[in-house]
Structure formats: C-alpha cells, structure tokens
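Colleague: please find the sequence and the predicted model below.
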Amino acid sequence: MTHVVGILREPEYSPGRVDDDAAILERTCDALADRGIDVSFGDVDLLTRTTPAAVIAMCQSAASLAALDRCVAADVPVVNTPHAIRACYRHETVRRLTGTAAPFPSTRIVATGPDRGPFADAAPCWVKRGDVHAMAADDVVFAATPHDVERALDDFATRGIARAALQAHVEGVVVKFYGVIDGRFFRCFTQGHDVPAPLPTLWEAAQVGARTLGLEVFGGDLVVGADGRPVLVDINDWPSFSRCRDEAADAIAGYVADRLGTFSTLPHEGQHG
C-alpha cells in the first residue's frame, strides 16, 4: 500500500494555534486514508523509520527542513518542499518577490539593532518581523510615523528579532485567501465586507506569488484598493485553513494523490527514459 508521512508544525512555530495547525494536517491525512493511502503523521523523526512515497510537510524549523533535505526531498514529492517553506521566511519572501510579476508592495529588510540604517522615508508602513511568519500580535505593527517605526524596531530588538520588514501601506479591503496551486481549491474571506474583486482576479495575484515561491499549499492576504487591483501583502506555506478546513483537506488530499501518480511516471535520478 502507498504510504505517506505528514510532518506536523513545531509548537514553537504555532503559538496559540497548535491544535488548529494540527487539525488541517490530521484532516488531510484522513482524506488520504479515504482514498486508500496509508498515512502516518508526527514529527520529522518519522523519516528516520520509514521511506514514504510522499511527504506533506508543515514543519518550519531549520533542523526539520534539513532533515527533509537529507531524507526525502530528492527522491519523493514533498508538499511543500523545503525550498518553498524557506521562501516563506519573510526576508526570503521579500527577496524572491521583489521585482517579479507578483503584485508585491515596496518592502525592505532592515536590521533592528543600532546599525539599522535610515528608515525615515518608510512611514506610513507595516513593520513585520523579518524571519518567520507573525506568531504574536506584536509581530506585525502599523507605523504611521518614523517615530512609530523606530519604536517598533526597538521592540523587535528587545525581543531578539534581528531583522524586520518595512512594507509600504496599501489602502483598501483586506482579503484572506487559501489555495492549492493547480487551482482546484481557492477561497477568499473578508472581515465585514463583500469580496471586493472577481475571484479570477484574486486568484491570479495569489497564484503568481505562490508559484514564484514554489508553494503548492498556501494562504495569505491581499489588499484590494479602490482601483480593484489586488496587492499581495502576505503569503505563507500551509495555513490552518480554519474557515474552510474540511473542504480544503479533501482538495489537498486529492492534489497529493494526483502528485503521487504523476511522480511515479517521471524519470528519477538513475533512470533514463
């Protein structure tokens, strides 16, 4: 029987959301089992005891990603790949999206310590921690003035966050999205507003960002301005899909099952076709 391993997100990367993050992986594993695929899930140490046909990976730590690199990434499909997960560290996201076709706002990475450099022209902006995704409310702060920027950077430095992203403020309606890269699943939600743009327009903005980063399962935020054009302000690997979990899990399981079929037909290292 085909065997798939699911790797849970480490608790330190899910403060206050351990159960939510685990739930989408567990539900996806259930949906794979419904398709006749044997599944086990846990931490990355599972990979030292089995060689799966595929891995679904929510892990984010450097140690776990290195283990994926060593154990499976070259030989079996991994959703999302270690390369794509690393691309969602914010300093990497900024580097990889800047200057691409993705509708990404002006964003720069600065040090939070005394050598932080000039930033007076950044406000108004959003100050975001520059390593991983936001894990606490204070990890993303709106700064209306240069003084606000300086205060936010000081706070990050005090908390041991060495880098921050200064992202230009975009006026408009925030749209939270969840997707699978082949388009079989895409859902959008707003807070107290109608979705302010056609779904194909929102999908185009979200998927070009996801493809640029190499993501297959993803979520994030768009802001739609008065001109109706969406701007991609945030994107992450494997969100919790809390608003649409069951539907998303079934779609992700179908995607992984299809990837398994495609991968088995491709020439692997050492094979010649």
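Modeller: Okay, I see it.

Colleague: which element is residue 141 on?
Modeller: Per DSSP states H and E, residue 141 falls inside strand 140-143.

Colleague: just the CA trace of that strand, in PDB.
Modeller: Extracted C-alpha coordinates of strand 140-143, given in PDB (Å, rounded to 0.1, in the frame of the first residue of the first chain):
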ATOM      1  CA  VAL A 140       3.000  43.000  12.700                       C
ATOM      2  CA  VAL A 141       2.600  46.700  13.600                       C
ATOM      3  CA  PHE A 142       1.300  49.600  11.700                       C
ATOM      4  CA  ALA A 143       3.700  52.600  11.900                       C
END
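
Colleague: tell me who's in contact with the residue lying closest to residue 83 once chain neighbours are set aside.
Modeller: In this structure, residue 83 finds its nearest non-sequential neighbour in residue 214, 5.5 Å apart by CB to CB, 6 or more residues apart in numbering. Every residue, glycine included, has its C-beta placed from N, CA and C. Residue 214 makes contact with 80, 81, 83, 84, 87 under the criterion CB atoms under 8 Å, 6 or more residues apart in numbering.

Colleague: phi first, then psi, for the second one.
Modeller: Phi and psi for residue 81, reported as degrees, to the nearest 10, are phi -70, psi 160.

Colleague: list the contacts of it.
Modeller: Per CB under 8 Å, 6+ apart, neighbours of residue 81: 57, 68, 73, 214, 216.

Colleague: same question for the last one.
Modeller: Neighbour list for residue 87: 93, 96, 213, 214, 215 [criterion: CB under 8 Å, 6+ apart].

Colleague: can you rerun that using 6 Å?
Modeller: Residue 87 makes contact with 96, 213, 214, according to CB atoms under 6 Å, 6 or more residues apart in numbering.

Colleague: across the sheet, point out what pairs with the residue nearest to residue 139 when sequence neighbours are not counted.
Modeller: Of all residues not flanking residue 139 in the chain, residue 129 sits nearest, at 4.5 Å (CB to CB, 6+ apart). Counting by DSSP bridges, residue 129 is bridged to residue 164.

Colleague: perfect, I'm done here.
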